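# sharing a sequence plus its predicted fold:
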Amino acid sequence: MGSLEQGIAFIVKSVEQTLKPGGIACHTTEYNLSSNDQTVTTGATVIYRRRDIDDLIAELRRRGHQVDVFSVAPDAHEIDRYVDIAPFSPHGHLKLLLEGYAATSMALTIRRGPL
């Protein structure tokens, strides 16, 4: 079991304790497309909101690390509007209904700053 806070602490720790200055990390996690307020904050799977990611980016930058710009593409294609539900399609999906929230994967690329 985990929490949003534990995941954020893990990312910060992994950048600061495993990378040399200039080293690059790419962290992936679940991302909530439904709400910037409500989400799953504890359990086997948590779902980060935009505000959680923005706070994480601000904290990493405050600590002197570089974080690539985080952007969520607009729903430009038909597949972007499809949210898969359990049992999930064998053909794959970009979004799925997870604990009642439309979710997708997201990634952050972080370059460790100087010591």
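Right, received. Where do you want to start?

# nearest spatial neighbour of E59, skipping sequence neighbours?
V12 (6.8 Å; Cβ to Cβ, 6 or more residues apart in numbering). Backbone N, C-alpha and C define where each C-beta goes, glycine included.

# element containing that neighbour, please.
Element membership for V12 (DSSP states H and E) is helix 4-18.

# which elements pack onto that helix?
strand 24-32, helix 50-62, strand 101-111 (3 or more Cβ pairs under 8 Å, 6 or more residues apart in numbering; DSSP states H and E).

# list the buried residues in that helix.
L4, G7, I8, I11, V12, V15 (16 or more other Cβ atoms under 10 Å).

# I figured the fourth one hits T28, correct?
Yep, that's I11 we're talking about. No: using Cβ atoms under 8 Å, I11 makes no contact with T28, being 10.5 Å away.

# centroid residue for this protein?
Centroid check for the chain by Cα atoms, centre = their mean gives T29 as the closest residue, at 4.0 Å.

# identify the bridge partners of that residue.
Counting by DSSP bridges, T29 forms beta bridges with M106.

# so what's it up against?
If you count contacts by Cβ atoms under 8 Å, 6 or more residues apart in numbering, T29 has them with G7, Y48, S105, M106.

# count of neighbours near the second one?
Using other Cβ atoms under 10 Å, Y48 is surrounded by 22 other residues.

# repeat that for T41.
14.

# now it, nearest residue through space, not along the chain?
L4 (5.1 Å).

# make sure the one you found is actually in contact with Y48.
Yes: judged on Cβ under 8 Å, L4 makes contact with Y48 at a distance of 6.5 Å.

# hey, what's in contact with both of these two?
With Cβ under 8 Å, 6+ apart, L4 and Y48 have common neighbours T39.

# tell me which element S89 falls in.
Per DSSP H and E, there is no helix or strand for S89.
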